[in-house]
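# need a structure here:
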Amino acid sequence: MSSGNGTRRKVGKQQHFINMVAFDPETQSEIQGLFSKVRTYVKPSNGEWCIPDPNVALRHSAEEHCRLQALKVSLNTVKNQLSDKNVQVWHQHTNSTNRAGKVIAAVRSAANAEICTQAWCKFFEILGVFSLLPEEALQNGELNTVHLCEAPGAFITALNHYIKTSESTRYCDWSWAANTLNPYHEANGGSTTIADDRLIANTLPWWFFGSDNTGNIMIQKHLLELQAFVANMHRVDLVTADGSFDCQENPDEQEALVASLHYCEATAALLLLSPGGSFVLKMFTLYEHSSICLLYLLNCCFRSVNVFKPATSKAGNSEVYVVCLNYDGKEAVRPLLSKLIRNYGPHLADREALFPNSLIPELFLKQHEEVCSYFHAQQVETITENLRLFEGMSTEQRERLDYIRDCTAQEYLQRFQVSFLPRSRWISRHMVSPACCSVSAGRPLGQKKQTASFNERRELQTLSWRERIERGCHATWIQKHCTEASGTGCMLEGPLSRCHVDSWYVIVGAALTAVRNSPFCEGGLLNHLNEALMDTAVDWTRAPPCNSCHVLCAASILSDVAGLCNLTADGDGNKKKTRCLVFGSRSVWGECESGLGDLVLTFSSEPLFPQRGCITLHDGEPLYQQQLLGCVVYSLQTLNSGDALLLPVLSALTRVTAAVVLCLHVCFHSVTFRCPPPSGVAGTVLVCVGFCPEAAARMLPVLTNVQSCMGQLRGEEDSGKRDSQVLQFVPMEEMLTGGLTDFLWTMNSEIIKQKLHLLMQS
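Down below sits the predicted model:
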């Protein structure tokens, strides 16, 4: 077992060297320890470590290893002391004691790094410690990399920074591809999907989401499709896999919960990599039989396998990176790889053990136990120290910690020769529009945030959805009564001319089972609404109106429409009649028709809202989307220049309905919304004024094509198959630019707030 630093990569001299006083011996020793948390497996020279017969793989029950299970129990006992700690207060404390806690700020200041997160710093550190990029690729001047479970993309931007600032790589021709759970597929759950799309929004062609558009790498056909996706790469030199699940509600079993994901990531790497390639896999504790088998397999397939804890990985967590160098190639592993692919999926590590314990060499087990013991001791020591300092910290201790934190940040910059990279050399410099990046980066990203202590979060799960809302951050806003209609100050001004309608395309993918996330609303609000709608005692279609809320009347909306319309005169000086097409009941809108002067109402039937059986689909129900699109197509075909449109929408959480709003933005001089709507109207009312026939003429062929696709899929559904639907027909790059995202975010928030307000009252 080697405890060395792995193979250090020789890089060019740092451009902006930081002068500093030499560390005192104690500080030097502590900092050296921070950057030396690595263990390397040492293979026996007799070739004993070899891939077992595939016929015995996945056929035996997993076995517990007593000494490793004792480490697990010991670690969980220490971690359980944190169960009563408020997680935000505890994180604030551990951030302040984290020796590498100032590294990110130092790198941001010195390097101008793109998406400079902790993940960026960790991967840049891995690149600086290990010879991760194969020498053959560097000599040929061509580097190809694949990044699994990569959102938001910090490994990619760190690699770009490394390549562009290192002497040995700066002239390398680099190609990359990435996979992650698609943040735009509405059925992807909020706890597993990272919503931060700063890089994704600007580099979508490089991201692989699979034929069903979910991006789930644990689906067998996606693995084979990914192989085809990167087939244009002459060779694959590096695969990284940074995946995990949200295990905050069951932290004691994190390793077991993510085991199948790790198996899938490793299988993908073994399939994709070329001989001599490298693989970096994020793992956690390594106590279970599934981890033993996986580490043994990797040792059989790579010349060097290292378990590394970057200094920039918080010392109190279980995270480690398995760094595998110099892949032997697929030939030796091919029979076993075929079996892994046949059994590939979300339960790959759950059913049977990859190898029986009898086939794991004793020498490997001994080394593996040493690896686990080493990282166990490191983690326990850190948690214990943090608990001690949580009770109180002397001035001397605080000053000493701050000094170490400053020294660590400077050591990082020097050790890994971090250099400045101009923004012009970032990956996302070639943006569709500067607004795209600013919208994506500026809007709240709706990630699930830990609050309270573990014990309090457990208690929260036993409460009703109403009680959870009352304890949540949205409580005051949701319970506040409406005093006026929202939406009047939120407007899309058009007609929007910059849309590249000719380049729009339809994406068909996995049918939505529910809308669990949306780039067009705040995730916490949507979670609250979905929880409320799942309550069998709730019927949102019959929620009585709130007597204390101001309810907008139809006459008020129509008066606004008349005021917004540019009522022009004809050749004889007579005012032209302006038509307003209303989708809805004449009984709601028609009674004020006589007082509208030159505004003439015509009526058409509105889209049918989803039935109670699929309420968490919101506006994602295919029949509703088809009917809504039909209303828009009819409007564009029948309206004249300057006319108006009143169109009720349930919400605009999905890409399809959001695109419908964008189409209206293209075809009208202004689009606003009114919420809460008049009694008898669900959702909200889109108020579109100033129809532009020229823009509509460009739009109609596209929308009729989408209608046709929807119709074909509806035919399949009628025959008993409903496994796919139209998910998108406007590229996300266009929907994330301009003011559309802000408009939809505001509108959806108001709709959800109003629904929750009524449900809370009922």
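# Name the residues of the top helix by length along the chain that are buried.
If you go by DSSP state H, the chain has its longest helix at helix 362-391. By neighbour count with 16 or more other Cβ atoms under 10 Å, helix 362-391 contains the buried residues 364-365, 367-369, 371-372, 374-376, 378-380, 382-383, 386-387, 389-390. Glycine gets a C-beta too; all of them are placed from N, C-alpha and C.
# In contact with the closest residue to residue 319 other than its chain neighbours, which residues?
Using Cβ to Cβ, 6 or more residues apart in numbering and skipping the chain neighbours, the partner closest in space to residue 319 is residue 313 (5.2 Å). Applying Cβ atoms under 8 Å, 6 or more residues apart in numbering to residue 313 gives the contacts 118, 122, 319, 320, 321.
# Now the last one: closest residue in space, sequence neighbours ignored.
If you skip the residues right next to it in sequence, residue 321 has residue 308 as its closest partner in space, 4.9 Å away by Cβ to Cβ, 6+ apart.
# Next secondary structure after the helix or strand where residue 580 lies?
Taking DSSP states H and E as the criterion, residue 580 maps to strand 578-583. Using DSSP H and E, the next helix or strand after strand 578-583 towards the C-terminus is helix 586-589.
# Buried ones in the helix or strand that comes right after that next one, by neighbour count?
Once the chain leaves helix 586-589, the next helix or strand it forms, by DSSP H and E, is strand 599-604. The neighbour-count criterion (16+ other Cβ under 10 Å) identifies 599, 601, 603 as the buried residues of strand 599-604.
# Rounded mean pLDDT for the next helix or strand along the chain from strand 599-604, please.
Counting by DSSP H and E, the next helix or strand C-terminal to strand 599-604 is helix 622-638. The average pLDDT for helix 622-638 rounds to 96.
# Helix 622-638 - contacts with which helices or strands?
strand 578-583, strand 644-649, helix 655-667, helix 693-718, strand 724-728 (3 or more Cβ pairs under 8 Å, 6 or more residues apart in numbering; DSSP states H and E).
# Direction included, what does the first one pair against?
Sheet neighbours of strand 578-583, with direction, are listed as strand 599-604 (parallel), strand 644-649 (parallel) (DSSP bridges).
# Dump the ones you listed to CSV, plus mean pLDDT.
Putting the strands paired with strand 578-583 into CSV (pLDDT from 0 to 100) gives the following:
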stretch, mean pLDDT
strand 599-604, 89
strand 644-649, 95
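# Out of those strands, which gets nearest to residue 265?
strand 644-649 (40.1 Å; Cβ to Cβ).
# Test for you: state the pLDDT assigned to the closest residue to residue 604 other than its chain neighbours.
Spatial nearest neighbour of residue 604, chain neighbours left out: residue 583 (5.3 Å); criterion: Cβ to Cβ, 6+ apart. Residue 583 is assigned a predicted lDDT (pLDDT) of 93.
# Ok, residue 546 next?
With respect to pLDDT, residue 546 scores 83.
# In contact with the closest residue to residue 337 other than its chain neighbours, which residues are there?
Of all residues not flanking residue 337 in the chain, residue 270 sits nearest, at 5.5 Å (Cβ to Cβ, 6+ apart). If a contact means Cβ under 8 Å, 6+ apart, then residue 270 has 301, 327, 330, 333, 337, 340 as its contacts.
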